[in-house]
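>>> Return atomic coordinates for the entry below.
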Amino acid sequence: DVIDDDTLFDCEGFETIAGQMIRCGAYPGTHGVQTPADVLKNSCNAGMMQIGQKMGAAEFLRYQDIFGFGSLTGIDLPGEAYGLVHTEDTMGPTELATSTFGQGYTVTMVQQAAAFSSLINGGNYYQPHVMKTITDSTGAVVESNEPNLVRQTVSAEISDKMRSFLQGVVTDGSGQSAKVAGYTMGGKTGTAQKYPRGNGKYLVSFIGFAPAEDPQVLGMVVIHNPQGIYYGGTIAAPVVRSIFENILPYLGVDKSDEKPYNQT
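Numbering: from 1, shown residues only. Next comes the predicted model:
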């Protein structure tokens, strides 16, 4: 482990990497001194870059591979894409820095959802499927997809910790607009520039789950080229909230006391 719960990161609004100034979303302000939980809550690029420097390129790329980025998930749909990721030959200090906050490589939504699910379900990466069962007109099961456990991505302890951290993003961080009354939730915002940088085009997203203590539903929304405000927490998170407001009662997910998730 290169960091723990108490490791501190100082956001000055930017990091200078290989002579290049890379800004945090707080620039020209700062996020100040933060714990890892704060870095997630504040969606702090500077903190993520500092974590990446502690990891190094080889370890960062190893975890990208563990989480399935750059590989097919095997979902039962035609034309699945691999996504484009760096190698040790192409990942220099600047590429590592921007990769830590999600820029400089590509993933599909299916890859993202499968990887994120493993992060919050105890560390178990399952092959994703479009459907669980197919039935005929009599209700008999014609075809079914049983859960296929592919590998362990993180320990149950780390998964437990991440659910708690990600709940903080929704309770008092950048994802507050995703909150559905009566349910504990967790999630993460995303705001990425499209190439070429500086053209004013963005891709914003939010991925969320509920309930925080025992996730039953995961939702992800990606919006291309939003007009005006371009932050995932402002545009994409409310869409996830609208989806969850409907799907959680439909699935019979019990409401909770909304207290912060206590790690076991």
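>>> Quick check: the gap between the residue nearest to residue 80 when sequence neighbours are not counted and residue 78.
Excluding the flanking residues, the one nearest residue 80 by CB to CB, 6 or more residues apart in numbering is residue 72, at 5.3 Å. For every residue, glycine as well, the C-beta is placed using N, CA and C. Distance, residue 72 to residue 78, using CB to CB, to the nearest Å: 12 Å.
>>> Same check on residue 92?
For residue 92, the distance to residue 78 - CB to CB - is 36 Å.
>>> Among these two, which residue is more densely surrounded?
residue 92 (13 against 5; other CB atoms under 10 Å).
>>> Residue nearest the middle of this structure, spatially speaking?
The centroid of the chain falls nearest to residue 188 when counting by CA atoms, centre = their mean (5.3 Å).
>>> Name the residues of the host helix or strand of that one that are buried.
Element membership of residue 188, judged by DSSP states H and E, is strand 186-193. Under the neighbour-count criterion of 16 or more other CB atoms under 10 Å, strand 186-193 has 186, 187, 188, 189, 190, 191, 192 buried.
>>> wait, which of those is closest to residue 173?
Nearest to residue 173, judged by CB to CB, of the buried residues of strand 186-193 is residue 189 at 8.2 Å.
>>> wait, what's in contact with that closest one?
Counting by CB atoms under 8 Å, 6 or more residues apart in numbering, residue 189 makes contact with 43, 169, 174, 175, 204, 205, 206, 231, 232, 233, 236, 237.
>>> hmm, try it at 7 Å
43, 174, 175, 206, 231, 232, 233, 237 (CB atoms under 7 Å, 6 or more residues apart in numbering).
>>> Put together CSV for those residues, with secondary structure and distance to residue 247 on each row.
Below are the contacts of residue 189 laid out as CSV (DSSP: H, G, I helix; E, B strand; the rest coil; distance: CB to CB, whole Å):
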residue, secondary structure, distance to residue 247
43, coil, 25
174, coil, 23
175, coil, 17
206, strand, 15
231, coil, 24
232, helix, 20
233, helix, 20
237, helix, 15
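>>> Return the member of the buried residues of strand 186-193 nearest to residue 252.
residue 186 (20.1 Å).
>>> what pairs with that closest one across the strands?
Taking DSSP bridges as the rule, residue 186 bridges to residue 209.
>>> show me what contacts it?
Counted by CB under 7 Å, 6+ apart, residue 186 has contacts 120, 163, 166, 167, 169, 170, 208, 209, 212.
>>> thinking the first one is in contact with residue 209, fair?
Read that as residue 120. Yes. At 5.7 Å, residue 120 counts as touching residue 209 under the criterion of CB atoms under 7 Å.
>>> In terms of neighbours, single out the busier of these two.
Between residue 120 and residue 209, residue 209 has the larger neighbour count (other CB under 10 Å), namely 28 against 21.
>>> Could you measure from the more buried one over to residue 215?
When distance is defined by CB to CB, residue 209 is 4 Å away from residue 215.
>>> Find the residues that touch each one of these two.
Shared contacts of residue 209 and residue 215 (CB under 7 Å, 6+ apart): residue 120.
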